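Novice: Only the shape, not the letters, is given here:
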């Protein structure tokens, strides 16, 4: 068969178009694109935090500038289903992203949850999560706190079971019309089942935290744990699953009654994880326990557990994560130099850590809309009064608030201490101090080394007493 020059050129162009179309399709499968608009923006950019390593609260940050009218387009690599957080100023919303998603997000800067609207590929999954949160996490009738936690065992379990039944009906109705991946179905089911399991498991502890008397439990109260599938498929990325596993292995460790709890707590949990979990979930929880041990300044068996993990773990994501955490532990662990910083204060001055040489510094991190942070803020005046004779510096870093509103709020509340400002989660000080959750508290010695990477909160019943004791212990030891 012969070709004329015109037909040959047409054939070549068509072939190139098909080739580039195929390449483009493959490339888009490894990325997500998010377009959108922020109405009345409070800053000039949006941040997308991809939680690439489950249970680590770490990942990749992608920041893009807003146009003059608040519009943005952001493309990021996503090779498997994962959670992400879209952040603008003090507001944020969690997203479920899958390779190839092309999602449009529009919201008012002052209130993401109430105003956000989705379109495009990824709409069904993210709209479900949004409506689920509005119904089951925003309405107090479905919440453990503030009221349902006070119920007795029988009434509390009835509340949990009725909530779970409503959530299952909500999901089943959604699945009748929506076409979603098996990965998302597993994620949604895990939210329901492990939300129930975690609230039931932590019933006693939460009651104690709110000042209630411990409930009288029936002898078989914890038998439900035997029926929980710890290796549930599709649950890996779900926060309720991660929270449950964390609380479950803490419960199991305490159940073992180790002879020296302070020394053996993390090794016992680590050993239980190795016995009871499988596959990636096993690697994930071993990594999480090691991360906690490093971050909270646990020293005795850290090296031994790290060495064991290197032999046991198979998932390269967690191996890399733990290796980085181990290096960070050596850099931001007990006795290591506290990272230097200079931040703007509520009075408009630039404040550096180096300004407080020869002083013990209590350094805290708060974030807007963090419930425990608000509790600590309310307790801060009393906390400072109790420590007034200890001659320590109180530094508090607030993250992600509108600067002017924050500055006004500090002045109106007349909070003691020195208050510093960090604009968002990408701030260097958060990375330097490895702050992954809020609130977070550190104690820094006069020579600039870290005394504690997990100091007591101001809102804790024994907070001021424990900090005072730690200050006295440090000064007593330093004199020797």
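Specialist: In hand now; what should we look at? Quick caveat: nothing in here was measured; it's all calculated off a predicted structure.
Novice: what does stretch 193-207 rub up against?
Specialist: Residues from elsewhere that reach stretch 193-207, judged by CB atoms under 8 Å, 6 or more residues apart in numbering: 144-145, 149-150, 153, 156-157, 160-161, 163-164, 167, 213-215, 217, 222, 224-225, 228, 232, 235, 238, 240-241, 243-244, 247-248, 251. No exception for glycine: its C-beta is placed from N, CA and C like everyone else's.
Novice: Going along the chain, name the strands of the stretch 351-480 of the chain.
Specialist: Counting by DSSP state E, counting those that start in this stretch, the segments of the stretch 351-480 of the chain that form strands are 360-367, 392-399, 418-422, 440-444, 450-452.
Novice: can you put those strands in CSV and add mean pLDDT and distance to residue 337?
Specialist: Below are these laid out as CSV (pLDDT from 0 to 100; distance: least, CB to CB, whole Å):
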stretch, mean pLDDT, distance to residue 337
strand 360-367, 95, 13
strand 392-399, 96, 16
strand 418-422, 96, 19
strand 440-444, 94, 9
strand 450-452, 87, 8
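Novice: now for these, which one comes closest to residue 266?
Specialist: The closest of the strands of the stretch 351-480 of the chain to residue 266 is strand 450-452. By CB to CB, the value is 16.4 Å.
Novice: on that earlier part again, filter the contacts of stretch 193-207 down to just the buried residues.
Specialist: By neighbour count, with 16 or more other CB atoms under 10 Å, those hold 144, 149, 156-157, 160, 163-164, 167, 215, 228, 232, 235, 238, 240-241, 243-244, 247-248, 251 as buried.
Novice: re the thing from before, mind listing which of the contacts of stretch 193-207 are in helices?
Specialist: With helices identified by DSSP state H, the entries of the contacts of stretch 193-207 that belong to them are 153, 156-157, 160-161, 163-164, 167, 240-241, 243-244, 247-248, 251.
Novice: of those residues, closest to residue 341?
Specialist: Minimum distance to residue 341 across the ones in helices among the contacts of stretch 193-207 is 30.7 Å, recorded for residue 243 (CB to CB).
Novice: how about the nearest residue to the closest one, chain neighbours excluded?
Specialist: Counting by CB to CB, 6 or more residues apart in numbering, residue 243 lies nearest to residue 198, which is 5.1 Å off, once chain neighbours are set aside.
Novice: Helix or strand: which one has that neighbour?
Specialist: With secondary structure defined by DSSP states H and E, residue 198 is part of helix 182-201.
Novice: Distance check, the residue nearest to residue 243 against residue 434.
Specialist: 25 Å (CB to CB, to the nearest Å).
Novice: any low-confidence regions in the protein?
Specialist: 1-29, 56-58, 296-300, 330-331, 480 (pLDDT under 70).
Novice: What distance do you get for residue 344 to residue 277?
Specialist: The spacing between residue 344 and residue 277, counted by CB to CB, is 45 Å.
Novice: Residue 283 now?
Specialist: From residue 283 over to residue 277 (counting by CB to CB), the distance is 9 Å.
Novice: more crowded one of these two?
Specialist: residue 283 (25 against 18; other CB atoms under 10 Å).
Novice: So that one: helix, strand or coil?
Specialist: Taken by DSSP: H, G, I helix; E, B strand; the rest coil, the conformation at residue 283 corresponds to helix.
Novice: Quick one: residues contacting it.
Specialist: Contacts of residue 283 were listed using CB under 8 Å, 6+ apart, and they are 312-315, 318-319.
Novice: Weed out the non-buried ones from those.
Specialist: Applying a neighbour-count criterion of 16+ other CB under 10 Å, the buried members of those are 313, 315, 318-319.
Novice: Make JSON lines out of these and add secondary structure.
Specialist: Putting these into JSON lines (three-state DSSP) gives the following:
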{"residue": "313", "secondary structure": "coil"}
{"residue": "315", "secondary structure": "coil"}
{"residue": "318", "secondary structure": "helix"}
{"residue": "319", "secondary structure": "helix"}
